[in-house]
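1. fold the following and give me the result.
(3 chains)
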Amino acid sequence: MSRDGCCGQAYSCLFDYDTPRIALIKSRKIGLLNRFIQLGILAYVIGWVFIWEKGYQEFDIVVSSVTSKVKGVVVTNTTELGVKIWDVADYIIPAQEENAVFVMTNLILTQNQTQGHCPELPETSFCSKEQPCTPGYVGKQSNGVQTGKCVPYNSTVKTCEIFAWCPVENDTHVPDPAFLNGAENFTVLIKNNIWYPKFQVSKRNILSNISSSYLKTCQYDKVNHPFCPIFRLGNIVKEAGESFSDMAVQGGVMGIQINWNCDLDRKLTYCVPKYSFRRLDNREIDHNVSPGYNFRFAKYYKDSNGVESRTLMKVYGIRFDILVFGTAGKFDIIPTMINIGSGAALFGVATVLCDMIVFHFFKKRHYYREKKYKYVEDYDELVGSECGSNP
Amino acid sequence: MSRDGCCGQAYSCLFDYDTPRIALIKSRKIGLLNRFIQLGILAYVIGWVFIWEKGYQEFDIVVSSVTSKVKGVVVTNTTELGVKIWDVADYIIPAQEENAVFVMTNLILTQNQTQGHCPELPETSFCSKEQPCTPGYVGKQSNGVQTGKCVPYNSTVKTCEIFAWCPVENDTHVPDPAFLNGAENFTVLIKNNIWYPKFQVSKRNILSNISSSYLKTCQYDKVNHPFCPIFRLGNIVKEAGESFSDMAVQGGVMGIQINWNCDLDRKLTYCVPKYSFRRLDNREIDHNVSPGYNFRFAKYYKDSNGVESRTLMKVYGIRFDILVFGTAGKFDIIPTMINIGSGAALFGVATVLCDMIVFHFFKKRHYYREKKYKYVEDYDELVGSECGSNP
Amino acid sequence: MSRDGCCGQAYSCLFDYDTPRIALIKSRKIGLLNRFIQLGILAYVIGWVFIWEKGYQEFDIVVSSVTSKVKGVVVTNTTELGVKIWDVADYIIPAQEENAVFVMTNLILTQNQTQGHCPELPETSFCSKEQPCTPGYVGKQSNGVQTGKCVPYNSTVKTCEIFAWCPVENDTHVPDPAFLNGAENFTVLIKNNIWYPKFQVSKRNILSNISSSYLKTCQYDKVNHPFCPIFRLGNIVKEAGESFSDMAVQGGVMGIQINWNCDLDRKLTYCVPKYSFRRLDNREIDHNVSPGYNFRFAKYYKDSNGVESRTLMKVYGIRFDILVFGTAGKFDIIPTMINIGSGAALFGVATVLCDMIVFHFFKKRHYYREKKYKYVEDYDELVGSECGSNP
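-> Next comes the predicted model:
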């Protein structure tokens, strides 16, 4: 009956249908076991892969753009500076950044610095006749270059003279409580525009159902105003489990995390931002160097003779990093098929498992085995050495 | 014939070959149906998974670094400031940013501010004998701290006196047309360096076949100069479907999107940037607060007596965010095998489908069924209750 | 024996067990071949997919926050400026950035610019009676607007008069060696906080086993101090295979890459940063425009008469971009199951391959084929045309 010619093979290839022969065992025990295992696999594939992990979706990660605007004024009253007011142009440095905003909270001011010679701070460079200064030496923590002279810092202490912006900044004492502790009451408006390039979907954190008048008065609150994009600085720090007054002294970095996990198979209005807050800098004093967050910044002036002077500010403050992340998922045929294919392959495992149980643990396994298997002797052996054994 | 000893099992495990027994049905109808379904699955796996979605590739997302440089000068002529020229150092704030560049297009200038007492703007704090001012109160939109006094703002209106940088900025009237509307003709050169860490591939947006002389004269054009990295600001805004003159008044945020989707199985020269432009800030006035994009910025001066004054600038402008994204794909054995495996699993589905059709809808299903199935009675039943029934 | 009623079908669906009938061929050759192919597939699935590519893990990409702090002073001595000291507040512009830090290394200073009329530079706008100037024209490389007059630039050359910040900056000669070549010895402390949102895992680049005293003295070294977060600028550039002195002249962009690839199935202490350095800007002079990295920046002053002047600085320098990337993997049931499913499907391929070999290339293929296949004639043909042929 078998066709072996070339034409015959093509014919049989096209018009023959191969279907595996099945031993259909009429047994309640085995049948139920089989269905039970299959049900487990089906439940796993549908429940876990498809419903829980959304295995039918393709994913894309967010592309984001952020602008921010801080509001608030604060008055300070110190003996050195007198009564002074600080507004946005004074305490935001630099005036604009892309994904962050820095708010000054503390300050060490060194006014009227000019380039010249003056004694170094006592902390780093004591000197005496036995321990002279090295001309041209620059210490690791130093603010200038040593001239080699040893000059009196005050009536009791002598330090190396340096060429630097003089007088040298003395940052040993950081104001505590922080100079601009009132920054706690400032508010920041965050505008965030996101985009999922793969799905060509874009959204803004100012949702379309929010009115302009609401935006003028609202303030973010996790429970009552979860979609208001205006945040009180003190609340941000508090939600992260930190104390603003503590953080204001040495500065720090706060993360404002905006999570845009979206299921694009649902309506786009369900795709909303979720805000959370986290402190990003290292608080552990033991494994830390220059704790908090600060940097130096200068305003330059020129007098009528053209001599340049500057006001050096060692600025401590909180940098708010706006970290936007998220993945959007949308139905896609590829991952669906991959998961269905894998699920189907797992279905085959059910039969393998059942067979293992039936043919190894059942009392009557020999009976079932004979129905399933057809023993075929090796042709060579059949013909050769074991010739004559019944196949 | 069956070996059951431990040694025999290991022997049979190694030297026996299990192959499913097949019922080969010689039927044109069924054979063709089967091949047709298999062909469909093959076409799907090859066409969609492998060719369209590049299922044989592993993917990596881009790491990017951007620098930008703006060129252009503009002359303004106002009664307040006279004829004035603005160049790069004047209108780019801050002087350098990482993935963005801000170009000032409009400006509210408040010159010679000093710290002191002055009346608040009438918009926010009218006052009278009946409606007195609260000492120490800071309004939400206010620029300073109320002293408690009620002073004349002009000949008709009285407002609360505040301690602030005086005179207070009056930003009720935004110049329209924008002060630096000529910024439309500025050009920005964008240098972008990308890297795919997984594949150790890096590229620059200044392609290697572009000559230095071409770069000196070219200007980006979607059709004629798609790889020129120099963009006219007006064209960027126009391509995004916006009007530069409108946008310049209130400011805004423009996205310059650079798409680096690369197929690394092809030559690296085919991996080129694709530029597109999109407005990122919210134009819907209804659901918006502080539309456009602006920030405050001050220049500080000191007179010969050491008194500090400042020029406050409310700067409106367009921030160009350079958003770089893209995925590179390269042949990898893992996703290829996963997809081939899934495809193979789907092939099995063809037989299942055919069986369902043949054994449920064909007229002669009983004939075929008997060839495929071997009915095995439950051994217990066989021996017990239904003893004697033919198997 | 077949039940065909609706009730019977449900009964058989629940209590029947379908298992494929197997031809068990007792042949050493075929058995070993089969096991060999299966072993290969198993080795591939376990070795490559699971061990090498960690196919049992789900992946997440890093979210990062970076702060940096530069330390160092340098003294310059030029005829124009005299002896001058430069500290952090002078050479870091802007004072703080998010993922980058810019260090000035070279400088073209144009002091005492005021708005007015002066001759343009000779490079761009020679003029004569035959080649007059165009009032209102702004050249591509120009610093101002032409007034139309042709005025002497020096004793020999005449150029167009422009309205600009005067005197015009002359940047034809870039100082070489670089003005602040000593920046090579500056150090930068980088603090990096990373987060894997999917796994809720965060880490800092200042590892918890590093003491505060170590941090005060250490300096990054690939071999001896791979986890010290303090980098000498000169070493960064050297590790990238560049020369600091060369780079300092024209400026450039350096990438400090921090790789956070983590296997979260192991202890978190094994998840450590890996630093590497790469130059990001284009060095090929042929395909480049405005090589290196520079920008213009101005300090504004006001004299006692209220006239504004500025010091324009064309600042060349190295921008250090801190590029943080990495993926974390953690065991997850989904990818594990997908890969097991795919592996199982590949196992089926072993049987298909063996069958192909046995039934096409073995001498005694007909013998084995008859054992495996049961030839079922088409019922229609059986009954119709070919009626009477033995099935």
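2. what helices or strands is the longest helix seen in chain A leaning on?
-> Looking across chain A with DSSP state H, the single longest helix is helix A:333-361. Using 3 or more CB pairs under 8 Å, 6 or more residues apart in numbering or on different chains; DSSP states H and E, the elements in contact with helix A:333-361 are helix A:28-43, strand A:57-61, helix A:365-372, helix B:333-361, strand C:16-20, helix C:333-361. Glycine gets a C-beta too; all of them are placed from N, C-alpha and C.
3. could you pull up phi and psi at the residue of the stretch 151-300 of chain A found nearest chain B?
-> In the stretch 151-300 of chain A, no residue comes nearer to chain B than residue A:215, which is 3.8 Å away by CB to the nearest CB. Backbone torsions of residue A:215, given as degrees, to the nearest 10, read phi -60, psi -30.
4. now do it against residue A:144, distance only.
-> Using CB to CB, to the nearest Å, residue A:215 is found at 50 Å from residue A:144.
5. what about these two, which has more around it?
-> residue A:144 (24 against 17; other CB atoms under 10 Å in any protein chain shown).
6. quick one on the thing from earlier: how near is the residue of the stretch 151-300 of chain A closest to chain B to chain C?
-> 26 Å (CB to the nearest CB, to the nearest Å).
7. nearest residue to that residue other than its sequence neighbours?
-> residue B:289 (3.8 Å; CB to CB, 6 or more residues apart in numbering or on different chains).
8. tell me which residues are up against stretch A:190-205.
-> Here stretch A:190-205 makes contact (CB atoms under 8 Å, 6 or more residues apart in numbering or on different chains) with A:58, A:60-68, A:206, A:227, A:229-231, A:256, A:258, A:260, A:262, A:264, A:268, A:271, A:273, A:322, A:324, A:326, A:328, A:330, B:253, B:255, B:257, B:259, B:278, B:280-282, B:323, B:325.
9. quick check: mean pLDDT of that stretch?
-> Taken as a whole, stretch A:190-205 has an average pLDDT of 90.
10. off-centre distance for it?
-> Mean C-alpha position of stretch A:190-205 versus that of the full chain (CA atoms, centre = their mean, to the nearest Å) differs by 17 Å.
11. give the buried residues for it.
-> For stretch A:190-205, burial by neighbour count (16 or more other CB atoms under 10 Å in any protein chain shown) applies to A:190-199, A:201-205.
12. so which of the contacts of stretch A:190-205 also contact chain C?
-> Among the contacts of stretch A:190-205, the residues lying close to chain C (CB under 8 Å from any CB of the partner chain) are residue A:61.
13. buried subset of the contacts of stretch A:190-205 as a PyMOL selection?
-> Buried residues within the contacts of stretch A:190-205, by 16+ other CB under 10 Å, are selected in PyMOL with:
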select buried, (chain A and resi 58+60+61+62+63+64+65+66+67+68+206+227+229+230+231+256+258+260+262+264+271+273+322+324+326+328+330) or (chain B and resi 253+255+257+259+278+280+281+282+323+325)
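14. looking at chain A, which residue is nearest chain B?
-> For chain A, CB to the nearest CB, closest residue to chain B: residue A:341, 3.1 Å.
15. from residue B:47, how far off is the nearest residue to that residue once chain neighbours are set aside?
-> Spatial nearest neighbour of residue A:341, excluding adjacent residues (CB to CB, 6+ apart): residue B:342 at 3.1 Å. Distance of residue B:342 to residue B:47, given as CB to CB: 15 Å.
16. again with residue A:355
-> Taken as CB to CB, the span from residue A:355 to residue B:47 is 36 Å.
17. what's the neighbour count on the residue of chain A closest to chain B?
-> 27.
18. my read: it touches residue C:346, true?
-> No. Using CB atoms under 8 Å, residue A:341 is not in contact with residue C:346, being 11.7 Å away.
19. tell me the phi and psi of the residue lying closest to residue A:222 once chain neighbours are set aside?
-> Spatial nearest neighbour of residue A:222, chain neighbours left out: residue A:239 (7.0 Å); criterion: CB to CB, 6+ apart. Per-residue torsions, residue A:239: phi -60, psi -30 (degrees, to the nearest 10).
20. do the same with residue A:73
-> Torsion angles at residue A:73 (phi, psi; degrees, to the nearest 10) stand at phi -130, psi 160.
21. the nearest residue to it once chain neighbours are set aside: neighbour count?
-> Spatial nearest neighbour of residue A:73, chain neighbours left out: residue A:87 (4.8 Å); criterion: CB to CB, 6+ apart. Number of residues near residue A:87 (other CB under 10 Å) recorded here: 22.
22. check contacts around residue A:87.
-> Taking CB under 8 Å, 6+ apart, one finds A:73, B:143-144, B:164-165, B:296 in contact with residue A:87.
23. which two of the residues you listed have the greatest separation?
-> B:144 and B:296 (13.8 Å; CB to CB).
24. so the closest residue to residue A:129 other than its chain neighbours bridges to which residues?
-> In this structure, residue A:129 finds its nearest non-sequential neighbour in residue A:150, 7.7 Å apart by CB to CB, 6+ apart. As for beta bridges, residue A:150 partners with residue A:160 under DSSP bridges.
25. how near is residue A:150 to residue A:118?
-> The spacing between residue A:150 and residue A:118, counted by CB to CB, is 13 Å.
26. name the residues contacting each of those two.
-> By the contact definition CB under 8 Å, 6+ apart, residue A:150 and residue A:118 are jointly contacted by residue A:161.
27. up against chain C, what does the stretch 51-200 of chain A have?
-> Residues of the stretch 51-200 of chain A lying near chain C (CB under 8 Å from any CB): A:53, A:55, A:61, A:93-94, A:97-100, A:102, A:115, A:138, A:140-145, A:163-165.
28. what subset of the residues you listed is buried?
-> A:53, A:55, A:61, A:93-94, A:97-100, A:102, A:115, A:138, A:142-145, A:163-165.
29. can you give me the buried ones in the helix or strand containing residue A:216?
-> According to DSSP states H and E, residue A:216 maps onto helix A:212-217. Buried positions in helix A:212-217, judged by neighbour count with 16+ other CB under 10 Å: residue A:215.
30. again with stretch A:364-375
-> A:367-369, A:371-375.
31. so which of those residues also contact chain C?
-> With CB under 8 Å from any CB as the criterion, the buried residues of stretch A:364-375 include A:371-375 near chain C.
32. got those residues as a markdown table, with distance to residue A:25 columns?
-> Formatted as a markdown table, those follow (distance: CB to CB, whole Å):
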| residue | distance to residue A:25 |
| --- | --- |
| A:371 | 7 |
| A:372 | 8 |
| A:373 | 13 |
| A:374 | 16 |
| A:375 | 19 |
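33. out of those residues, who's near chain B?
-> A:371, A:374-375.
34. how many neighbours does residue A:77 have?
-> 8.
35. dihedrals phi and psi, the nearest residue to it once chain neighbours are set aside?
-> Nearest residue to residue A:77, sequence neighbours excluded (CB to CB, 6+ apart): residue A:83, at 5.0 Å. Here is the backbone geometry of residue A:83 (degrees, to the nearest 10): phi -80, psi 130.
36. then residue A:138?
-> Main-chain dihedrals, residue A:138, degrees, to the nearest 10: phi -120, psi 110.
37. let me see the contact set for it.
-> Residue A:138 sits next to A:144-146, C:72-73 when contact means CB under 8 Å, 6+ apart.
38. need the max-distance pair from the residues you listed.
-> A:146 and C:72 (14.6 Å).
39. just the CA trace of stretch A:173-186, in PDB.
-> Output of stretch A:173-186 as PDB, limited to C-alpha atoms (Å, rounded to 0.1, in the frame of the first residue of the first chain):
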ATOM      1  CA  HIS A 173      29.500  76.000  62.000                       C
ATOM      2  CA  VAL A 174      26.300  75.200  60.000                       C
ATOM      3  CA  PRO A 175      23.300  77.200  61.100                       C
ATOM      4  CA  ASP A 176      20.900  75.000  63.100                       C
ATOM      5  CA  PRO A 177      17.900  75.500  62.800                       C
ATOM      6  CA  ALA A 178      18.300  76.000  59.100                       C
ATOM      7  CA  PHE A 179      18.400  79.600  57.900                       C
ATOM      8  CA  LEU A 180      15.400  79.200  55.500                       C
ATOM      9  CA  ASN A 181      13.600  76.600  57.600                       C
ATOM     10  CA  GLY A 182      10.400  78.400  56.500                       C
ATOM     11  CA  ALA A 183      10.800  76.700  53.100                       C
ATOM     12  CA  GLU A 184       8.700  74.000  54.500                       C
ATOM     13  CA  ASN A 185       5.600  76.000  53.500                       C
ATOM     14  CA  PHE A 186       6.700  76.500  49.900                       C
END
